[in-house]
Structure formats: structure tokens, C-alpha cells
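Enquirer: structure for the following, please:
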Amino acid sequence: MVITDRNDIYLYFEWIKQTNPTSILDFGIFLQRIGAVARQVMNCEISKDIILEGVSMSEKVQPVYTKIYDKITNIKSIYILDTKVYDLIYFFDMNSEYNNTMMISKEALWNWLLNHGKMIVADTNDVDFVNFMTSHAACQAIDLEGRQYALIQGKAAQSNLYSKEYTTQDLSTKMTRQADIRLYIAAHKEFTIPNGVDLNEGMYIPLHVGKQGKSSLGFIGDDTGEHISIKNDTYCELTGIYWIWKNISCDVVGLCHYRRYFLNNGKILNKQDVCELMNQYDIVIGNSSMSAYKNVSEHYAVKHHQEDLAVCKDVIRQRYPEYIQAFELCMNSNFMNIGNMMICRKNVFDAYCQWLFDILDELEKRIDVSNYDTYQKRVYGFLGERLLRVWLVNHTFHIKELVINFCDA
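Expert: Residues are numbered from 1 along each chain as shown. Now for the predicted structure:
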């Protein structure tokens with residue numbers, strides 16, 4: 001079961017903000033179930049200084065979560081955590097999760113929680129759980145927009161028995177301001193350079209996407225070298241990404257839009273910001289956004305042609321079966337990243353493009369857009385926005401989400 005409820009997400013991050021814990025145990029690895037790809041969700045963040053561990057209810061953990069969590073323990077091995085005490089334990093929507101997978105009784109598990117958590121935040125979906133906790137510990141009800149949660153005082157000792165094992169990423173080359181960093185600004189018309197974007201610094205480079213057959217805008221276009229510029233009406237900014245992939249050699253590369261830019265502490269990224277980010281993370285993406293619909297699949301069905309998403313799933317199942325679980329997870333969650341925007345090392349960018357455009361090339365053979373209106377013809381751009389998260393989930397990347405601003409132009 002994938003949780004997409006906004007209240008659970010809000011409470012998850014708000015309680016961290018309110019209590020400032022140093023250690024968290026996420027029972028059921030909530031971040032995977034909601035489809036997060038980083039420690040940030042919708043502008044909320046779990047600091048890297050906080051020890052975040054998880055208990056998985058199944059054997060399968062998507063690769064990216066081994067980087068988000070400092071440690072993930074399978075439910076069958078829970079007793080290896082017996083020497084640990086957590087400031088905060090989350091226990092959301094577990095009734096449906098543990099019924100068929102537990103190797104111990106519910107009561108034994110609940111006692112374990114009380115003995116290893118100083119504070120436990122749980123929903124109240126399981127009446128037996130609520131009755132047990134209220135008879136064994138001090139509990140407080142939390143009402144959030146009509147939903148009930150329980151705040152439970154654990155029996156855990158105040159001593160913290162941690163010795164944190166950090167997992168480090170492979171950053172063989174530290175980025176400095178001398179690095180060749182290029183953030184291309186995708187544009188299809190003339191636009192005003194916003195404050196904070198210094199073209200003289202050499203990092204930001206305007207790129208005319210869909211330039212083939214169009215009048216020049218006065219800057220480089222995606223119609224030189226190896227390109228698919230003519231496909232811009234169906235690929236959107238992906239024609240620019242394809243051009244960068246095939247024609248550019250540099251250390252770090254990224255894409256933003258003439259009206260959308262990554263922010264750091266409220267300001268548009270500069271070169272020093274990018275260097276620092278690339279020395280800590282593998283990939284920077286825009287902050288997760290959430291629609292008013294149940295999940296990505298339902299949102300796509302309402303806004304676009306539902307059958308195209310089904311065709312995409314078939315292509316992945318046939319060409320990249322190792323990604324099918326990641327695809328299903330992402331489509332059943334309610335998070336998206338707009339605009340095909342990202343920043344990463346060029347070799348990472350190239351690997352993503354190889355995967356993405358192989359899928360899109362096959363989709364072109366199977367989807368007939370001849371009767372689509374101008375908006376719906378942008379199908380491959382729409383699918384690309386969804387596929388980025390699928391690719392991320394299936395890799396062990398350190399990912400940073402940043403706010404994207406939207407400026408008039």
C-alpha cells in the first residue's frame with residue numbers, strides 16, 4: 001500500500017521540526033511508500049545531522065532509499081536493533097503492512113516500540129494498537145484536519161547508544177569554481193534575464209529549444225550537431241536535453257527554463273552554490289510537488305491520454321524490467337518534478353539520457369499523436385517529467401531537492 005495522504009506527510013515532517021530529534025526510526029520506511037527520492041519533500045527537510053533509520057516490511061527496498069536512510073533493517077531482523085534507542089519512532093498506517101509479514105506477535109512488536117522509542121507518533125487506524133498503547137503508556141491525541149493520530153510516550157532510557165555509520169558517495173573529484181559547469185536556460189522566445197543570473201560568469205547559457213526552422217533568438221540553438229530539434233512540439237525541452245547529451249562535454253551540466261530557476265536560500269543559484277552542491281550530492285532536482293489527485297497515474301489520466309502511460313509501462317517492462325517496480329511506486333505516489341530540470345555531473349546526465357531517450361524512441365513507434373491537439377502532442381515531454389523519478393528511485397544517488405522559482409517573462 002502506498003500512502004499519499006497529505007496529512008501523514010505534513011505530520012511526518014512537522015513533528016521533526018517541532019521536536020528536533022537526533023535519531024529517528026521510520027517503521028515501514030514511509031519515505032519509500034510515499035515515493036520520496038530525497039530527504040526533502042514539498043520544501044520540508046530532514047537534516048543530514050539527524051540519524052534516520054528505517055524498518056522495511058518487505059525484502060525489496062528501492063536503491064535510492066539506501067542513501068536516504070542511514071540504515072534499513074528488514075522486519076525479520078528487527079532484534080539486531082535491540083541496543084538502540086530512538087528519539088522519535090514513526091508508525092504510520094502499519095495495520096495493513098504487518099499483518100502478513102510479521103514474524104512476532106503484534107503485542108511483542110508494540111512492546112519493542114515502547115522500549116526503543118522515547119516518543120512514538122502513530123495513526124489510530126488499528127483499534128487494538130490504540131488500546132494496547134493507552135493501557136501501557138501515556139498517550140496524547142492529535143487531531144489534524146479531521147484525522148486522529150496518537151503521540152505516545154515511550155519507556156526508552158534517556159541514554160543514546162548510537163555510533164552512526166555514515167555512507168559516503170563516490171565524489172572522486174571535488175568541484176571548484178574552475179570546473180566547467182554549464183546550466184542551460186531552455187527558451188523558445190526572447191526573454192528577460194532575471195536578477196541573479198550572471199551570463200558573464202559563464203555558467204548560465206541560453207539555449208533556443210526547437211530552433212530548427214525558426215528565426216534566430218540571438219543565442220545558440222538545439223539544431224546543430226546531432227539533434228532532434230524538429231521534435232520540439234512533442235518533446236518540449238527534451239530536445240534541448242538531447243542536444244546537450246550528444247554535443248556537450250563538461251564537468252557538470254543542468255537545465256533550467258527561461259521562467260524557472262533553482263533557488264538556494266531564496267536566491268538563484270550561482271557557480272559557488274553549484275560547486276558546493278555537487279560536492280555533497282549526485283543530483284539536484286526541483287522540489288517535489290503534489291497534485292490534488294490520488295496519485296500520478298490518476299493525475300495523468302485526467303490531464304492527458306491515460307493509454308499513453310500504459311504504453312510507457314509496457315515499454316519499461318519489456319526493455320528495462322528492473323525498473324518496473326520503481327515505475328509502479330512512482331505512479332502510485334503523488335509526487336512529481338516539473339520541467340525535466342536537473343543538475344548533475346555530465347556522466348550521470350549521459351547515463352540518464354541513454355535510458356530516457358531509448359524509452360521515448362520506442363514510445364514514438366507505439367503512440368499515434370496525429371489526432372492530438374497542440375497541448376497533448378507534448379506527450380513525450382509529459383512522460384519525461386514522470387520518468388525522471390523512476391530512474392532516480394532505481395539508483396543509489398544522493399539527491400537534493402531545491403525550490404524552483406517561477407518568474408514572469
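Enquirer: who's in contact with Leu383?
Expert: By CB atoms under 8 Å, 6 or more residues apart in numbering, Leu383 lies in contact with Asp308, Leu309, Cys312, Leu360, Leu363. Where C-beta positions appear, they are placed from N, C-alpha and C, glycine not excepted.
Enquirer: out of those residues, which end up buried?
Expert: The neighbour-count test (16 or more other CB atoms under 10 Å) applied to these identifies Asp308, Leu309, Cys312, Leu360, Leu363 as buried.
Enquirer: so how far is Gly54 from Phe27?
Expert: Using CB to CB, to the nearest Å, Phe27 is found at 8 Å from Gly54.
Enquirer: and those two? Which one has more around it.
Expert: Set Phe27 next to Gly54 and count neighbours by other CB atoms under 10 Å: Phe27 wins out with 26 against 23.
Enquirer: so that one touches Phe91, yeah?
Expert: Yes. The criterion here is CB atoms under 8 Å, and Phe27 meets it with Phe91 at 5.0 Å.
Enquirer: which residues are common contacts for the two?
Expert: Common neighbours of Phe27 and Phe91 (criterion: CB under 8 Å, 6+ apart): Leu113.
Enquirer: which element is Val55 on?
Expert: Assigned by DSSP states H and E, Val55 falls within strand 51-56.
Enquirer: which other helices and strands contact that strand?
Expert: Secondary-structure packing of strand 51-56 (3 or more CB pairs under 8 Å, 6 or more residues apart in numbering; DSSP states H and E): strand 23-27, helix 30-34, strand 71-74.
Enquirer: of these, which is nearest Gly117?
Expert: Checking these against Gly117 by CB to CB gives strand 23-27 as the closest, at 6.7 Å.
Enquirer: the closest one vs strand 51-56, what angle?
Expert: Following axes from the mean of the first three to the mean of the last three CA atoms, to 10 degrees, one obtains 20 degrees for the angle between strand 23-27 and strand 51-56.
Enquirer: pLDDT of strand 23-27, averaged?
Expert: For strand 23-27, mean pLDDT is 96.
Enquirer: send me that strand as PDB with only the CA atoms.
Expert: Once non-C-alpha atoms are left out, strand 23-27 reads as follows in PDB (Å, rounded to 0.1, in the frame of the first residue of the first chain):
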ATOM      1  CA  SER A  23      17.600  10.000  15.900                       C
ATOM      2  CA  ILE A  24      14.500   8.700  14.100                       C
ATOM      3  CA  LEU A  25      13.300   5.200  13.300                       C
ATOM      4  CA  ASP A  26      10.900   5.100  10.400                       C
ATOM      5  CA  PHE A  27       8.900   1.900  10.800                       C
END
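Enquirer: can you list contacts of it?
Expert: Contacts of strand 23-27 (CB under 8 Å, 6+ apart): 16, 46, 50-55, 69, 81, 84-91, 94, 113, 116-117, 160, 162.
Enquirer: pairing partners for that strand, with directions?
Expert: Partner strands for strand 23-27, per DSSP bridges, with pairing direction: strand 51-56 (parallel), strand 88-91 (parallel).
Enquirer: export those strands to a markdown table and tack on distance to Tyr204 and mean pLDDT?
Expert: Formatted as a markdown table, those follow (distance: least, CB to CB, whole Å; pLDDT from 0 to 100):
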| stretch | distance to Tyr204 | mean pLDDT |
| --- | --- | --- |
| strand 51-56 | 34 | 96 |
| strand 88-91 | 40 | 96 |
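Enquirer: and for this protein, the residue most distant from the center?
Expert: No residue in the chain sits farther from the centre than Ser135, which is 39.1 Å out by CA atoms, centre = their mean.
Enquirer: quick one: contacts for Ile241?
Expert: Counted by CB under 8 Å, 6+ apart, Ile241 has contacts Leu255, Asn340, Cys353.
Enquirer: of the residues you listed, which belong to helices?
Expert: Mapping the contacts of Ile241 onto helices (DSSP state H) picks out Cys353.
Enquirer: pull out the buried members of the contacts of Ile241.
Expert: In terms of neighbour count (16+ other CB under 10 Å), the buried residues within those are Leu255, Asn340, Cys353.
Enquirer: correct me, but the second one touches Leu387?
Expert: No. Counting by CB under 8 Å, Leu387 is not a contact partner of Asn340; they are 9.2 Å apart.
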